[in-house]
Structures are given as structure tokens and as C-alpha cells.
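**Student:** Below is the sequence, then the predicted model.
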Amino acid sequence: MSAFNLALVAEALDTIQRLREENVGGETVERRLGEFKQWDPDIYRVDKDTEEGYRSRLAGWGRPVVLLSEEAGRVEVGSTTPSGPAAPSVGEGTGGPVYVVSDPFDGSFLFKHGIPDFWYSSLAFYDARFNPLSCVVGDAVPRRLAFANETGAYIGDLVGDRLVHCVKLDASYRKLMGRPDATDTKGGSIESYAMKPTKFLFPLVDRFRELLAPFKFFLPNGGPYGFVDVAEGKVDVYFAPSQPYVDIFSGLYIAQQAEVVVTDFEGNPVRPTDDVETVHDVVATTNPALHEVVLARIAECLAK
């Protein structure tokens, strides 16, 4: 399953690289209809091409699949004639379809304006009961793949069609890399999506100023790679208020398998459902002590 998942995301990174080299991909090819994500209605070619690549591979997988994706929404795909990477088994007795959650391309506006940073593609597999099976998040600029399965979470460099320099992400790795656990917000680092001022930045500061203020460093990124940043120990906290379904559940499993504490804002476990248009409040931290502090600060902010 991990090999299949990795192959699909690696192909998506190839698509992104090809569009970048051809100096295309930033043109608007569709606009979202209805209420879903009307604050961000444009669908660019880079979004559409990466998503179509996933849909094509999944359609030839030979299993019934429900794709929950940013552009397509909820789509049932699948056929009886496998093509591409070998179709892995997800075990007998699971019943029902495999759910596949994808943020095909995260960073569209940056891509459109030629800013080569924060370009990600992510794909996660769940069984019919929404138990996680596999998850991969690719960073398209340095061509790095972070992934998780039942054995843990990992990250490595994609060189050609090979994954090299692969390491396991856990508390020991973070300590080895000189990123010891912060047990309080003071002097620590926090990440939260803030690149769209009206929709995210201003509400974030207005509502959660007291949470953010003690931190020494703020990273304005988010989406599926936010979970990878905490798993690596690059930041102590990924704070994700009102984030879209695909931004959460296409990367969440990596943090969970990397010994990161992940809950909603009330400390409850976070699980996906069959509703791609939902938004979620999620917080991920590197250790339980810090997590309790952050939850308390969130509660204080929400009580005002």
C-alpha cells in the first residue's frame, strides 16, 4: 500500500515539475460552483492536472474507491482492470470501498505567481471504516516525500524514481536533530495558515492573539504539510482552526504515527467522515505537556 501511495504522489510531483518547466499551470481552467470554498473559487491547471493524475490511477486500481478531493469533491471511481503500479490488498473482511483523501496541489496561488515554495501534493488511504492505511505528502520544490503506514512515519528525498536518505520520524529523531520538546508556548514555535489575509490571517490574530503572542516564531503555512513540520520538529505546534477537510485528512496520519499529539480544540480524537465539505479545528504538538498548555490557551481565547 505504501509503495502504491508513494508512486502516485511521486507522479504528481513529476506533473508539477513538468508544468513549472513549461511555464504553464497557473491559468484558471474552472471555477467552483455552489457554496464550497467560494472564498477561493478559481481552479488552476496545476490543481486539475494533479487531481486528474490521481483519478486516472485510482480508476485503474481494480477496487471500488471513494475519492474525497479538493477540486472534484466526492467522486466514486474504480474499475476491474488494474493499470500502473500493482494494486495492493487492504485485507479481507474490510468491506465497502477504500476512501482516498487528497489535496492534489496545495500552493496554487504561489505557483501561479512563480513563487517556488510551499508547493505540496498529498494522498491518504483509509479503509471502509475510516481507519488509516497509508498517507504520503510530497514537497514539490525539494522533491521530498513524507509518508506513514502501520510501522510509523518516515521522510526521504525523491531522486529519479528512488526514495533515498529515508529516516523515521518520531520523538527520538526530533531529539537527535537538536529539536528538544518545548513544554510551554514561551520561546516555542507555532505554524498556522495565514497567507490569505481576510479569510485566515485577520480572524486568526483577532481571535487567538493571546495564544500566538508568547511564541518566538510564527510560520504562516498550513495544510497537509503542517503535520509533517511538527513530525520533523521544525515547529512545536501546528494550529489549524477552520481548515478544510482535505487539508487535514490527507496529512494527519503522518503526525499521528510520528508520536505527535493530535486532537481537536477540546482534546478529542480527530477522525474523518464521508463529507468532504466539512471544516475542522485541529491542533498538533510535539508532546503531551505542551499540548495541555495549548488547549488551555485555546479555551481561554474561545471563552472571550
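**Tutor:** Yep, it's here. Numbering: from 1, shown residues only.

**Student:** which residue is nearest the centroid of this protein?
**Tutor:** For the chain, the residue nearest the mean C-alpha position is Pro224 (1.6 Å; Cα atoms, centre = their mean).

**Student:** can you tell me which residues contact that one?
**Tutor:** By Cβ atoms under 8 Å, 6 or more residues apart in numbering, the contact set of Pro224 is Asp103, Asp106, Tyr120, Ser122, Val137, Asp247, Ile248, Ser250, Gly251, Leu252. C-beta coordinates here come from the backbone N, C-alpha and C atoms, glycine included.

**Student:** Show me the strands in the stretch 1-150 of the chain, by range?
**Tutor:** 28-31, 42-44, 65-69, 73-77, 98-106, 120-126, 132-139, 144-149 (DSSP state E, counting those that start in this stretch).

**Student:** and the third one, which strands flank it?
**Tutor:** Meaning strand 65-69. Take DSSP bridges as the rule and strand 65-69 pairs in its sheet with strand 73-77 (antiparallel), strand 98-106 (parallel).

**Student:** any idea of the angle that strand forms with strand 120-126?
**Tutor:** Using axes from the mean of the first three to the mean of the last three Cα atoms, to 10 degrees, the inter-axis angle of strand 65-69 relative to strand 120-126 is 140 degrees.

**Student:** Wait, Val283 touches Leu295, no?
**Tutor:** Yes. If you go by Cβ atoms under 8 Å, Val283 and Leu295 touch, sitting 7.1 Å apart.

**Student:** who's more crowded, those two?
**Tutor:** Between Val283 and Leu295, counted using other Cβ atoms under 10 Å, Val283 has the larger neighbour count: 24 against 18.

**Student:** nearest residue to that one other than its sequence neighbours?
**Tutor:** Leaving aside its chain neighbours, Val283 sits nearest to Phe239 (5.5 Å; criterion: Cβ to Cβ, 6 or more residues apart in numbering).

**Student:** For the chain, which residues score under the pLDDT cut-off?
**Tutor:** For the chain, applying pLDDT under 70 flags the ranges 33-39, 79-95.

**Student:** By residue count, what's the longest helix in it?
**Tutor:** helix 2-21 (DSSP state H).

**Student:** and the residue nearest to the centre of the chain, how far is that from Glu21?
**Tutor:** 24 Å (Cβ to Cβ, to the nearest Å).

**Student:** and stretch 232-244, which residues are buried?
**Tutor:** Glu232, Gly233, Lys234, Val235, Asp236, Val237, Tyr238, Phe239, Ala240, Pro241, Gln243, Pro244 (16 or more other Cβ atoms under 10 Å).

**Student:** joint contacts of Val283 and Leu295?
**Tutor:** Common neighbours of Val283 and Leu295 (criterion: Cβ under 8 Å, 6+ apart): Thr263, Phe265.
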